[in-house]
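Trainee: here's a sequence, model it:
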Amino acid sequence: MFVGLLVSIALFSVDIAVAANSPSAKPKDASGQTEQTPEQAAGGFANLMRMKKACEPEAKRFCPDVKPGGGRILQCLHQHESDLSPGCQEAIGPRPAKP
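Mentor: Have a look, this model is predicted:
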């Protein structure tokens with residue numbers, strides 16, 4: 001019985017891993033397109049780490065309820081640009097032009 005339970009747990013874990021990596025499991029934006037990851041929105045891992053280091057206090061202060069992904073935290077920080085530290089302002093760069 002114990003072995004059966006372990007096998008069930010292992011198979012459940014595999015199902016979760018497969019679902020998490022499937023394209024249909026990725027979050028979608030309002031237009032139905034797959035959302036950018038935080039790394040993609042920041043322009044790469046190095047930029048994400050630089051922004052996180054420079055802006056973590058501001059993100060926690062101004063954007064505590066913002067769900068990561070799709071560039072939402074970056075967008076929130078831009079909405080509070082005048083309240084950000086100079087280091088955070090430099091890290092996030094100018095607000096992107098609207099299409």
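Trainee: what pLDDT does residue 94 get?
Mentor: In this model, residue 94 is scored at 84, pLDDT.
Trainee: give me the element it is part of.
Mentor: Assigned by DSSP states H and E, residue 94 belongs to no helix or strand.
Trainee: and it, how many residues sit next to it?
Mentor: 8 (other Cβ atoms under 10 Å). Quick note: C-beta positions are derived from backbone N, CA and C, even for glycine.
Trainee: what separation do you get for it and residue 34?
Mentor: 26 Å (Cβ to Cβ, to the nearest Å).
Trainee: one more: residue 46?
Mentor: In terms of Cβ to Cβ, residue 46 sits 23 Å off from residue 34.
Trainee: the two: which has the busier surroundings?
Mentor: Using other Cβ under 10 Å, the more surrounded residue of residue 46 and residue 34 is residue 34, with 13 against 10.
Trainee: got phi/psi on the more buried one?
Mentor: The phi and psi values for residue 34, taken as degrees, to the nearest 10, are phi -70, psi 130.
Trainee: quick check: it vs residue 40, distance?
Mentor: Note on residue 34: its distance to residue 40, by Cβ to Cβ, is 10 Å.
Trainee: touching, residue 58 and residue 84? I think so.
Mentor: Yes: here residue 58 reaches residue 84: they are 5.2 Å apart, a contact under Cβ atoms under 8 Å.
Trainee: what do those two both touch?
Mentor: Common neighbours of residue 58 and residue 84 (criterion: Cβ atoms under 8 Å, 6 or more residues apart in numbering): residue 77.
Trainee: what sits against the nearest residue to residue 83 once chain neighbours are set aside?
Mentor: If the residues on either side of it in the chain are set aside, residue 83 comes closest to residue 62, at 6.8 Å by Cβ to Cβ, 6 or more residues apart in numbering. Residues counted as contacts of residue 62 (Cβ under 8 Å, 6+ apart) are 76-77, 79-80, 83.
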